[in-house]
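In: whatever this is, show me its structure:
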Amino acid sequence: MGITERRLRQQDEIRQQIIAASWQIISAEGWQAFSIRRIADAIEYSVPVIYKHFENKEAIQEYFIKEGFANLTIDMQQAKQKAGTPEACIEEMAFAYWRFAATKTAYYRIMFSLGIPHCETVNSVVEMKQMSTLMFEAIANLAKTYEHQDIYLKLKTFWSMLHGFISIELLSNSIIPAEPTPMFADAIESFKFTLINKK
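Out: Take a look at the predicted model:
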């Protein structure tokens, strides 16, 4: 291994240490306990070394947000493939969303620390856009016989509903139930009804 390759490998190892130490602090103590100084102390490097890899702690947060949305997109894509009908697709994707929040709650808190992202943010972050597109396509596929429907409005309604239920659980309980609650399932059924029944 040449000198250049060795240096690149060392830099990558330091970056991975920063990411691992950051996640340990965030998942154990929350975002409010997180700081560049704490990361530096945890991996036993100076603060300037951290800044060489991440401009600030918000850049580290952005890393986890992107990773979280990428993982959620994979879960929802698998749910889409599992579904046999357009109606089942909406339900499976909604349930996958719930289970992600239940099993990866620390990620979810970071991903939605400021609530549901605005359209500009979604469109500027590839990982968010991919998940948003998955939901849009599923909704459009079920509602395609009714051209009067605003699919973007339905997407916002769907996402707001999913996030709203999760937020209530996070405020009410320390742990989100592993499986969707009956009230959540009923809300999904009601949402599907609005897509397949012309008014």
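
In: quick one: the helices in this structure?
Out: 3-29, 36-43, 47-53, 57-82, 86-103, 105-111, 119-124, 126-143, 151-172, 182-196 (DSSP state H).

In: what are the buried residues along the last one?
Out: Read it as helix 182-196. 184, 187, 188, 191, 192, 195 (16 or more other C-beta atoms under 10 Å). No exception for glycine: its C-beta is placed from N, CA and C like everyone else's.

In: do you know how far the nearest residue to residue 82 once chain neighbours are set aside is from residue 15?
Out: Distance criterion C-beta to C-beta, 6 or more residues apart in numbering; nearest residue to residue 82, sequence neighbours excluded, is residue 92 at 5.6 Å. Distance, residue 92 to residue 15, by C-beta to C-beta, to the nearest Å: 36 Å.

In: settle it for me: which of the two has more neighbours?
Out: residue 92 (21 against 15; other C-beta atoms under 10 Å).

In: residues touching that one, list them.
Out: For residue 92, the contact set (C-beta atoms under 8 Å, 6 or more residues apart in numbering) comprises 79, 80, 82, 83.

In: do you know the pLDDT at the nearest residue to residue 22 once chain neighbours are set aside?
Out: In this structure, residue 22 finds its nearest non-sequential neighbour in residue 60, 5.1 Å apart by C-beta to C-beta, 6+ apart. pLDDT, residue 60: 90.

In: and the gap between residue 60 and residue 188?
Out: For residue 60 relative to residue 188 (C-beta to C-beta), the value is 34 Å.

In: do the same with residue 40
Out: 45 Å.

In: now residue 137
Out: From residue 137 to residue 188 the distance is 17 Å (C-beta to C-beta).

In: what's the domain layout of the protein?
Out: 3-54, 61-197 (the TED database).

In: what's the most buried one of those?
Out: domain 61-197 (a mean of 16; mean count of other C-beta atoms under 10 Å).

In: any idea how far apart the tips of it sit?
Out: End-to-end distance for domain 61-197: 41 Å, by C-alpha to C-alpha, to the nearest Å.

In: which residues does the most centrally placed residue in the chain contact?
Out: The centre of the chain sits closest to residue 69, judged by C-alpha atoms, centre = their mean, with a distance of 3.6 Å. Neighbouring residues of residue 69 by C-beta under 8 Å, 6+ apart: 111, 125, 127, 128, 130, 131.
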